[in-house]
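[1] Sharing a model that was predicted from the sequence below.
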Amino acid sequence: MSRILLIETSTSLCSVAIADGDRIAASRESESPRAHAAMTAPFVKEVLDECGLRAGDLDAVCVSAGPGSYTGLRVGVSTAKGICFATGVPLLSVGTLELLVHQARSNGWLPEGCHRVIPMIDARRMEVYTAVFTPEGEQLTEVQPQVITAGSFRAERSAGPVLVIGDGAGKCRELLAGPQVSFVQTCPTASGMLQPALQEFKAGHFRDVAYFEPFYLKDFVATVSRKKLF
């Protein structure tokens, strides 16, 4: 049975879990937003200790690849790559939007007759990172940043039941509300990565540890403080 360390840091929630075969053996989630830098490594140690494992006992490390928070993704990927470099354990990754679709399926959140799932990662204001998926997880459109308006996804919403899911779902509820649209406001979690991580592992889709980079989608933009330090 494969033992895979799962790391998810793409949004405000920091979470880590260990998959032992087809079950989650241990997991941790931060209660404080933006706790990635402080909590990711301690969470990894805690779940390993709980399972009586060392990092070298793992069969793989799987990290959420984005899109999402620039800082959060850097922390998660750096932690995963550090473990892989130190132990020789292979690296896997799962797209954040794909992960949300799997969470919807595994938690029974798909509405009856659902024909499309639209995961949304909050990108501030009324912008989200999004794409359109089938309920089975097939990606139908490219991942892109999109400013949500009342006309967004009109064709999908009019064709049948749709699920909008993610930490960007709630802010879009008023604009996209309709009789065939369901909303689940949630963050992607490491535990929800179980099935897609197993699929990647069984398929042998290992990443190059030296060159793997998360899917930022947008370049990091640093802001200049208006405070006078001197």
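    Cool, the structure landed. Computed from a predicted model, the values in this text were never measured in an experiment.
[2] Touching, Ala41 and Thr79? I think so.
    Yes. Counting by C-beta atoms under 8 Å, Thr79 is a contact partner of Ala41 at 6.1 Å. Heads up, the C-betas are built off the backbone N, CA and C, glycines and all.
[3] who's more crowded, those two?
    Counted by other C-beta atoms under 10 Å, Ala41 and Thr79 do not tie: Thr79 has more neighbours, with 22 against 16.
[4] for the helix or strand hosting that one, which positions count as buried?
    Secondary structure from DSSP states H and E places Thr79 in helix 70-87. By neighbour count on 16 or more other C-beta atoms under 10 Å, the buried set for helix 70-87 is 70, 72-81, 83-84.
[5] Is there a neighbour count for Val16? I'd like the number.
    29.
[6] ok, which stretches of this structure are helices?
    Here the chain has its helices, by DSSP state H, at 36-50, 70-87, 96-106, 154-159, 173-176, 194-203.
[7] Show me what the first one is packed against.
    Translated: helix 36-50. strand 3-8, strand 15-20, strand 23-29, helix 70-87 (3 or more C-beta pairs under 8 Å, 6 or more residues apart in numbering; DSSP states H and E).
[8] on that earlier part again, mean confidence (pLDDT) on the helix holding Thr79, please.
    Per-residue pLDDT over helix 70-87 has a mean of 96.
[9] angle of it against strand 3-8?
    Computed by axes from the mean of the first three to the mean of the last three C-alpha atoms, to 10 degrees, the angle separating helix 70-87 from strand 3-8 equals 160 degrees.
[10] ok now do Thr40, which residues does it touch?
    When contacts are counted by C-beta atoms under 8 Å, 6 or more residues apart in numbering, Thr40 is found next to 7, 9, 14, 16, 75-76, 79.
[11] Do you know the pLDDT at it?
    Model confidence at Thr40, given as pLDDT, is 96.
[12] Next: Met1.
    79.
[13] roughly how far apart are it and Ala19?
    Here the criterion is C-beta to C-beta, to the nearest Å. By it, Met1 lies 9 Å from Ala19.
[14] of the two, who's got more company?
    Neighbours per residue (other C-beta under 10 Å) separate Met1 from Ala19, with Ala19 holding more: 28 against 8.
[15] Could you verify my assumption that that one touches Gln195?
    No. Using C-beta under 8 Å, Ala19 is not in contact with Gln195; the gap is 9.2 Å.
[16] Could you give the number of residues near the residue lying closest to Ala19 once chain neighbours are set aside?
    Leaving out its chain neighbours, the residue that sits closest to Ala19 by C-beta to C-beta, 6 or more residues apart in numbering is Ile4, at 4.4 Å. Using other C-beta under 10 Å, Ile4 is surrounded by 23 other residues.
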